[in-house]
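A.B. asks: Sharing a model that was predicted from the sequence below.
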Amino acid sequence: MSHSLKAATAVGVLLLATACGSSDGSGSDSAASGLNPPDLKAQEKLGKTEGEVNLIAWAGYVEDGTNDPEVDWVSDFEKETGCQVNTKTAASSDEMVSLMKTGQYDAVSASGDASLRLIASGDAAPVNTDLTPNYADVFEGLKNKDWNTVKDVPYGVPHGRGANLLMYNTQKVKPAPTSWSAVFDKGSEYQGKVTAYDSPIYIADAALYLMKTQPDLGIKNPYALDQKQFDASVALLKEQNANIGEYWSDYLKEVSAFKSGDSVIGTTWQVIVNAAKAEKADVEAVLPEEGATGWSDTWMLSAKAEHPNCAYKWMDWIISPEVNAQVAEYFGEAPSNAESCELTADKNHCATYHASDEAYWKNVHYWTTPIAQCIDGRTDAKCVPYAKWVQAWTEIKG
């Protein structure tokens, strides 16, 4: 069993965010133009560590040997810094946002749908990356982006990233698909055996497809949809619903569905592809010609942090080359630190996850929170905010 599959088994259900994505990975200007966060100042220098740090994290991100004695990057941190790590594992981005609002936590591993909400509400503080030396080695493609930076001010340090791929059964789906049309326009060919990610942010997958196939709609960013564009995306997903056998959020269930043949095509993550192949399922995956949505998580500091110095120590630790390599392998993602690729146990890990292939990531539209002010730069239109995406998702599945 792969480390990534062990991680999921250890915690039962592994959910990534209910997240919301980004632009084309080109920079931070679009999201920045739509947000005016409180005027908070980043910490100027580190002080004495406080003896503990309270974290909110995705399952598999803060391992101390409890789930697997061989997987532990927390104990050495505690010994080196004197900061006892207390972790609350969250199952959704909404839960992360709610927990951060309590002021009881110092830092969070936020996905794109949570990060901008935390910035806008003033629950996340700007981060002085000079106080996290390992930030210098983070891939440039993850710095100063829509989901972690506003008006050139960083609000965290990048943890890792992944793309939402198209997985298919090589025996049942022929010829091999190269386009998302296989689950949209041609989905009826696999009626009842199509699967999709169970989250409102999946609306962006439909918008991305329409952006490429119906240019007259004028979609420039799958997370910046005016009402007409949004309605078209929702309509496409309602049509697709007739062919969906299952919406997934627990990736072990998706592995099981592809292994049994209950699912033959649909959205996936690279870690699921690896796990399914390890279970002898006849699957392959592709980044379709239209591109794909994706995610990048960011460690963010609470504006109310009681232990900010330990939190800074943790943020630097988790993106250090050796530790970032460990967590990337265990969870199943591309590391954020470029130096980590030389330190993974599987020497092919970074190649498998396209860690340093920036041309690959230019085709990935990272999750970023949809807001009423269009983050594609338009000033003459009003876009549909995330709350409306949540409502529509219920209707789509209805």
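C.D. replies: In hand now; what should we look at?
A.B. asks: contacts, neighbours, all on C-alpha from now
C.D. replies: Fine.
A.B. asks: What count of nearby residues applies to D68?
C.D. replies: D68 has 13 neighbours, counted by other C-alpha atoms under 10 Å.
A.B. asks: now do K259
C.D. replies: By other C-alpha under 10 Å, 19 other residues sit near K259.
A.B. asks: immediately after the helix or strand hosting S109, which helix or strand?
C.D. replies: Assigned by DSSP states H and E, S109 falls within strand 107-110. Counting by DSSP H and E, the next helix or strand C-terminal to strand 107-110 is helix 112-121.
A.B. asks: Identify the residues contacting M211.
C.D. replies: 217-222 (C-alpha atoms under 8 Å, 6 or more residues apart in numbering).
A.B. asks: Give me the below-cutoff pLDDT ranges for the stretch 1-150 of the chain.
C.D. replies: Low-confidence segments of the stretch 1-150 of the chain, defined by pLDDT under 70: 1-34.
A.B. asks: Helices of that one, start to end?
C.D. replies: Taking DSSP state H, counting those that start in this stretch to define them, one finds helices in the stretch 1-150 of the chain at 3-11, 29-33, 75-81, 93-101, 112-121.
A.B. asks: returning to what we had before: pull the distance from the strand holding S109 to the chain's centre.
C.D. replies: Strand 107-110 has its C-alpha centroid displaced from the chain centroid by 12 Å (C-alpha atoms, centre = their mean, to the nearest Å).
A.B. asks: quick one: buried residues of the top helix by length along the chain?
C.D. replies: Criterion DSSP state H: the longest helix present in the chain is helix 227-241. Within helix 227-241, the residues that qualify as buried are 229-230, 232-234, 236-238, 240-241, counting by 16 or more other C-alpha atoms under 10 Å.
A.B. asks: cool, and stretch 351-360?
C.D. replies: Those would be 353-356, for stretch 351-360 by 16+ other C-alpha under 10 Å.
A.B. asks: contacts for that stretch?
C.D. replies: 139, 141, 162, 270, 333-336, 338, 341, 350.
A.B. asks: Can you get me the start-to-end distance on that stretch?
C.D. replies: End-to-end distance for stretch 351-360: 11 Å, by C-alpha to C-alpha, to the nearest Å.
A.B. asks: So which elements touch the strand of greatest length in the chain?
C.D. replies: Counting by DSSP state E, the longest strand found in the chain is strand 292-302. Here strand 292-302 touches strand 107-110, helix 112-121, strand 124-125, strand 157-163, helix 203-213, helix 308-318, strand 364-366, going by 3 or more C-alpha pairs under 8 Å, 6 or more residues apart in numbering; DSSP states H and E.
A.B. asks: Please repeat the previous calculation with a cut-off of 6 Å.
C.D. replies: Counting contacts by 3 or more C-alpha pairs under 6 Å, 6 or more residues apart in numbering; DSSP states H and E, strand 292-302 packs against strand 107-110, strand 124-125, strand 157-163, strand 364-366.
A.B. asks: Let me have those in TSV, adding mean neighbour count and distance to N86 as columns.
C.D. replies: As requested, these are exported to TSV (neighbours: other C-alpha atoms under 10 Å; distance: least, C-alpha to C-alpha, whole Å):
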stretch	mean neighbour count	distance to N86
strand 107-110	30	11
strand 124-125	27	19
strand 157-163	26	19
strand 364-366	28	29
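A.B. asks: what would these look like in JSON lines with distance to D262?
C.D. replies: Shown next, in JSON lines, are the helices and strands packed on strand 292-302 (distance: least, C-alpha to C-alpha, whole Å):
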{"stretch": "strand 107-110", "distance to D262": "32"}
{"stretch": "strand 124-125", "distance to D262": "42"}
{"stretch": "strand 157-163", "distance to D262": "23"}
{"stretch": "strand 364-366", "distance to D262": "28"}
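A.B. asks: Nearest to K304 among the ones you listed would be which one?
C.D. replies: K304 lies closest, by C-alpha to C-alpha, to one member of the helices and strands packed on strand 292-302: strand 124-125, at 8.1 Å.
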